[in-house]
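Peer 1: what's the 3D shape of this:
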Amino acid sequence: MAQFDVRPVTSPDYRRLAQKRLPRFLFEYVDGAANEETTRVANQADLRRLELRQQVMRDVSRIDTSTELLGRQCAIPLATAPVGLAGMMARRAEVQGIRATERAGIPFTLSTMGIASLEEIAAASPNPCWFQLYMLKDRGLVQSLLQRAQSHGVSTLVFTVDLAVTGMRHRDVRNGMVGKGFRPWRARMAALLTRPLWVWNVGLRGKPHDFGNLRGIIDDATDLDAYKKFISAQFDRSVTWADIAWLRTVWDGKIVIKGVLTGNDAVAAADAGADGVVVSNHGGRQLDGVASTISKLPEVVAAVGDRIEVLMDGGVRNGLDVVRAVALGARGVLIGRPWIWAVAARGEQGLVDLLTVFQREIEVAMALMGVNRINELTPDMIQLPG
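Peer 2: From the prediction side, this is the model:
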């Protein structure tokens, strides 16, 4: 009897389909995290431990899930997180991603290390993306990227600060994603042979596979050793908050600092001129063993929530997780793995469908919690079990 995929609805559904469609080394690059992956697990587990307070007999006839994130009106308090190599997971995944988020009414964040370029993204959507950047040693290259972004209407810069070095991602070694020599090559080739549709649709039809924003600097996106060599050579370990203050002098738009986990660092970001912070541990992909993002969110909100916008990522898999984070003070959340799974599984329409489910989950949760607007979600609506 022929086997058919069930219709995907939730993030785990899309994850299962993505696993069937992607070569193993690519699926595990997205799915995996650092070391023993305890922080990745904690991000989800700690969100699930938070109970929502149900309230009945309230007039919830005018529910509005919309909000404003960094000056942009959004249908729900959600944006996509930047994902490097996204265009290796689906054919021109970044283009499909921004088209889907445009339809869903939320912002799309393009990674510096994306396959599609700023120019390609700008041509795909009437609304500019948010652009994610690292502080590179070559400040001239940084300014060049900022000028390109600005010329395409980008007004929000998401500046990632937790990648001074790359985390120890053991899955990438086991599956041949990184490493030179016969054994890693053999592992990649074996994985590709099991996914002929990916080879045709992405490997062949999805070219070019270079890093669009760094064309001529890093050429081959399929060579992860070249990627790591660039990080080692260009990612600046000496960066301090003074460099963020410098960035403020060369960028007229909004600056969001991504990778903050303490109130003190959030205050430093605000003092350096940031317009917002993202409470983030890089999805557990950097320092394994650090706290989950939802557990650190209240500390950051208490420190700077009255000065700048606070967003959060890490472990968000559905609309209820969005509600939990917003109730604890986040202006909105970012999702990384879920949007990649959806596009890898079902393309642009898959992400539209997943975001539609997110919105409906948020709407239903608000109704059953007795609120009509996003800003009515408050910390007293969240409690620990027991």
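
Peer 1: hey, what's V277 bridged with?
Peer 2: I257, V310 (DSSP bridges).

Peer 1: so how far is L320 from it?
Peer 2: Separation of V277 from L320 (C-beta to C-beta, to the nearest Å): 23 Å. C-beta here means a position set from N, CA and C on the backbone, and glycine is covered the same way.

Peer 1: so for the two, which sits in the more crowded spot?
Peer 2: More neighbours surround V277 than the other of V277 and L320, with 31 against 18 (other C-beta atoms under 10 Å).

Peer 1: I'd say that one and V256 touch.
Peer 2: Yes: judged on C-beta atoms under 8 Å, V277 makes contact with V256 at a distance of 6.7 Å.

Peer 1: what touches both of these two?
Peer 2: Common contact partners of V277 and V256 (C-beta atoms under 8 Å, 6 or more residues apart in numbering): 309, 311.

Peer 1: from the contact counts, what lies against the longest helix along the chain?
Peer 2: Using DSSP state H, we find that the single longest helix of the chain is helix 337-369. For helix 337-369, the elements it packs on are helix 11-21, helix 24-31, strand 78-80, helix 93-104, helix 319-327, judged by 3 or more C-beta pairs under 8 Å, 6 or more residues apart in numbering; DSSP states H and E.

Peer 1: between helix 11-21 and the last one, find me the angle.
Peer 2: Angular relation of helix 319-327 and helix 11-21 on a 0 to 180 degree scale: 120 degrees, by axes from the mean of the first three to the mean of the last three C-alpha atoms, to 10 degrees.

Peer 1: for the record, mean pLDDT for helix 319-327?
Peer 2: Mean pLDDT, helix 319-327: 98.

Peer 1: stretch 365-379 too?
Peer 2: 98.

Peer 1: buried set for it?
Peer 2: For stretch 365-379, a neighbour-count test (16 or more other C-beta atoms under 10 Å) marks 365-366, 369-372, 374, 377 as buried.

Peer 1: next SSE after the longest helix of the chain?
Peer 2: strand 382-383 (DSSP states H and E).

Peer 1: partner strands of that next one and their direction?
Peer 2: By DSSP bridges, strand 382-383 pairs with strand 51-52 (antiparallel).

Peer 1: who does the following helix or strand past the partner strand touch, helix- and strand-wise?
Peer 2: The element immediately downstream of strand 51-52 (helix or strand, assigned by DSSP H and E) is strand 67-69. Packed against strand 67-69, as judged by 3+ C-beta pairs under 8 Å, 6+ apart, are the following elements: strand 72-74.

Peer 1: quick one: mean pLDDT over the strand it packs on.
Peer 2: What strand 72-74 shows for mean pLDDT is 97.

Peer 1: what is the least confident helix or strand in the protein?
Peer 2: The weakest-scoring helix or strand in the chain, judged by mean pLDDT, DSSP states H and E, is helix 224-234 (a mean of 68).

Peer 1: what about E119, distance to C129?
Peer 2: Distance of E119 to C129, given as C-beta to C-beta: 11 Å.

Peer 1: still on that earlier bit, out of the helices and strands packed on helix 337-369, flag the one nearest P208.
Peer 2: helix 93-104 (12.8 Å; C-beta to C-beta).

Peer 1: for that closest one, give me every contacting residue.
Peer 2: Contacts of helix 93-104 (C-beta under 8 Å, 6+ apart): 75-76, 79-80, 86-87, 90, 107-108, 110-111, 114-116, 120-121, 124-127, 129, 339-340, 342-344, 347-352, 355-356, 359.

Peer 1: go on, stretch 6-18?
Peer 2: 5, 27, 30-31, 89, 317-318, 337-338, 340-342, 344-346, 350, 353-354, 357.

Peer 1: one more time with 7 Å, if that's ok
Peer 2: Where contact means C-beta atoms under 7 Å, 6 or more residues apart in numbering, the residues beyond stretch 6-18 that reach it are 5, 27, 317-318, 338, 341-342, 344-346, 350, 354, 357.

Peer 1: okay, among those, which ones form the most distant pair?
Peer 2: Spatial extent of the contacts of stretch 6-18 (C-beta to C-beta) is set by the pair F27 and V357 at 21.8 Å.

Peer 1: distance of N372 relative to L118?
Peer 2: Noted for N372: a distance of 38 Å to L118, by C-beta to C-beta.

Peer 1: next one: R48
Peer 2: In this view, R48 and L118 are 37 Å apart by C-beta to C-beta.

Peer 1: so for the two, which residue has more residues nearby?
Peer 2: Comparing R48 with L118 by other C-beta under 10 Å, the one with more neighbours is L118, at 24 against 14.

Peer 1: hang on, L334 packs against P77?
Peer 2: No: L334 is not in contact with P77 according to C-beta atoms under 7 Å; the separation is 10.2 Å.

Peer 1: which one's more surrounded, the two?
Peer 2: Neighbours per residue (other C-beta under 10 Å) separate L334 from P77, with L334 holding more: 28 against 24.
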